[in-house]
Each structure stands twice: as C-alpha cells, then as structure tokens.
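Peer 1: take this sequence and fold it.
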Amino acid sequence: MKRVGILGGTFDPPHQGHMIMAEFTRQAMDLEEIWFLPSYIPPHKKEAALPSKDRLEMVERAVASNLNFTVCDIELKRKGKSYTVDTIQALKRAYPDHEFFFIIGGDMVEHLPKWHRIDELATLVEFIGVHRPGFEWRPDLPVHFVEIPKVDISSTVIRKRRSRGETIRYLVPEPVYHYIKERQLYGNKS
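Peer 2: Predicted structure coming up:
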C-alpha cells in the first residue's frame with residue numbers, strides 16, 4: 001500500500017511552516033507522498049480571505065518544486081463545508097491501494113475529539129500530530145507524534161503584515177510571494 005499524508009487547510013496563503021511540517025512529517029513517518037488539501041469552507045473557521053482559485057494556485061506553486069508533494073482539490077470540487085470524514089471516505093473509495101495519514105498541528109490535537117463524526121473518521125485514517133509551540137500534548141485519541149523545528153508562522157500573521165505593507169518574503173515560498181505581489185492580494189497595493 002502507498003503511504004500518503006494528507007495536509008488539509010485553507011492555505012490562505014500557504015507558508016513555509018506548511019512546507020516544513022509536510023517535509024519533516026513525510027520523512028519521520030516514512031510517507032511516500034504528502035497531498036496538500038485546500039478546503040472549500042472549513043467547518044471550524046470563517047470563510048477564507050481569498051477565493052478558492054487563488055488559494056489552489058498558490059498551493060500548486062508552493063509544492064511544484066518537491067516531487068513528493070502534490071495537490072488534491074477534492075474539497076474545492078465538492079464545494080460546501082469540508083468535513084474530513086467525507087473527504088477521507090471519498091479518497092479511500094478513489095484510491096483503495098493507499099493508506100492515508102491525516103496531519104494536524106499540535107494546536108488541533110486537543111480539538112480532535114470534537115471533530116464531526118470523529119469515531120468513524122478514526123477508523124478510516126491515522127492521525128499525525130505535529131508539535132507547535134505553546135500547546136500541550138495530551139491526545140484523547142491515538143495520534144502519532146512528530147517533532148519539527150519550531151517555526152512560528154501563520155497565515156493570519158502573513159495577511160496582517162501584507163495589509164500593513166510589511167514584507168512577507170521568506171515567510172512564504174518564493175513562487176507564492178510573487179503570486180501575492182503580482183495580484184496585489186491581502187490588501188497591499190504596493
């Protein structure tokens with residue numbers, strides 16, 4: 001079976017923290033690929049700042065240089081709220097020869113028991129929790145633990161910096177940086 005890690009998120013925008021999380025998890029868990037899964041409407045967040053076509057384009061540009069990374073647009077095509085259980089069920093039907101691992105940040109581990117249909121989801125996929133600074137590690141469900149370098153970057157911080165005219169270079173992959181600048185995204189017209 002092919003071992004595939006799924007990294008879901010709004011990716012609004014994708015940043016270096018996502019890339020580091022994916023690469024270190026891929027190696028630590030001996031995964032063959034990491035699939036970046038942009039959500040259409042995440043159930044736990046308000047709507048994304050950018051439309052899905054821009055977020056998809058940025059993720060595609062961010063992962064293009066890594067042969068072990070790919071983009072899965074299943075949630076964008078389905079539209080509506082993006083519940084992980086529905087996505088994993090669809091992926092398992094489409095790829096019966098794949099074993100899926102769902103990658104979550106350490107900040108999400110404590111909320112995992114509250115996820116939609118979590119008991120069913122836990123039978124379909126294994127979870128990998130990535131340590132993030134400032135969050136304790138006490139999972140109520142079985143979660144593999146992966147340690148990565150402490151990188152404190154968030155999409156929220158990037159959007160705020162951009163709106164204030166501050167640099168975001170090196171916080172996002174270079175192709176994403178150029179995409180944001182060229183299209184004057186996140187409120188800065190310079």
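
Peer 1: list the contacts of residue 21.
Peer 2: Contacts for residue 21 were tallied using Cβ atoms under 8 Å, 6 or more residues apart in numbering; they are 7, 103, 105, 130, 148. Quick note: C-beta positions are derived from backbone N, CA and C, even for glycine.

Peer 1: hey, which helix or strand in this protein has the poorest pLDDT?
Peer 2: One helix or strand of the chain scores below all others by mean pLDDT, DSSP states H and E: helix 106-109, with a mean of 78.

Peer 1: neighbouring strands - and their directions - for the helix or strand harbouring residue 103?
Peer 2: Secondary structure assignment for residue 103, by DSSP states H and E: strand 98-105. In the sheet containing strand 98-105, its partner strands are strand 2-9 (parallel), strand 126-130 (parallel), by DSSP bridges.

Peer 1: for the first one, buried residues please.
Peer 2: Burial within strand 2-9, assessed by neighbour count using 16 or more other Cβ atoms under 10 Å, is assigned to 4, 5, 6, 7, 8, 9.

Peer 1: what's the closest non-adjacent residue to residue 148?
Peer 2: Excluding the flanking residues, the one nearest residue 148 by Cβ to Cβ, 6 or more residues apart in numbering is residue 24, at 4.2 Å.

Peer 1: residue 145 in helix, strand or coil?
Peer 2: Under DSSP: H, G, I helix; E, B strand; the rest coil, residue 145 falls in the strand class.

Peer 1: ah, wrong one, I meant residue 50
Peer 2: Strictly by three-state DSSP, residue 50 counts as coil.

Peer 1: please save the CA atoms from stretch 77-96 in CSV.
Peer 2: This file holds the C-alpha atoms of stretch 77-96, laid out as CSV (Å, rounded to 0.1, in the frame of the first residue of the first chain):
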residue,chain,number,x,y,z
LYS,A,77,-14.6,20.5,-6.4
ARG,A,78,-17.2,19.2,-3.9
LYS,A,79,-17.7,22.8,-2.5
GLY,A,80,-19.7,23.3,0.7
LYS,A,81,-18.3,22.6,4.2
SER,A,82,-15.2,20.5,4.2
TYR,A,83,-15.7,17.7,6.7
THR,A,84,-12.6,15.5,6.9
VAL,A,85,-14.6,12.3,7.3
ASP,A,86,-16.4,12.8,4.0
THR,A,87,-13.1,13.6,2.3
ILE,A,88,-11.3,10.6,3.6
GLN,A,89,-14.2,8.3,2.6
ALA,A,90,-14.1,9.7,-0.9
LEU,A,91,-10.3,9.3,-1.1
LYS,A,92,-10.4,5.7,0.2
ARG,A,93,-13.0,4.8,-2.5
ALA,A,94,-10.9,6.5,-5.2
TYR,A,95,-7.6,5.1,-4.0
PRO,A,96,-8.2,1.7,-2.3
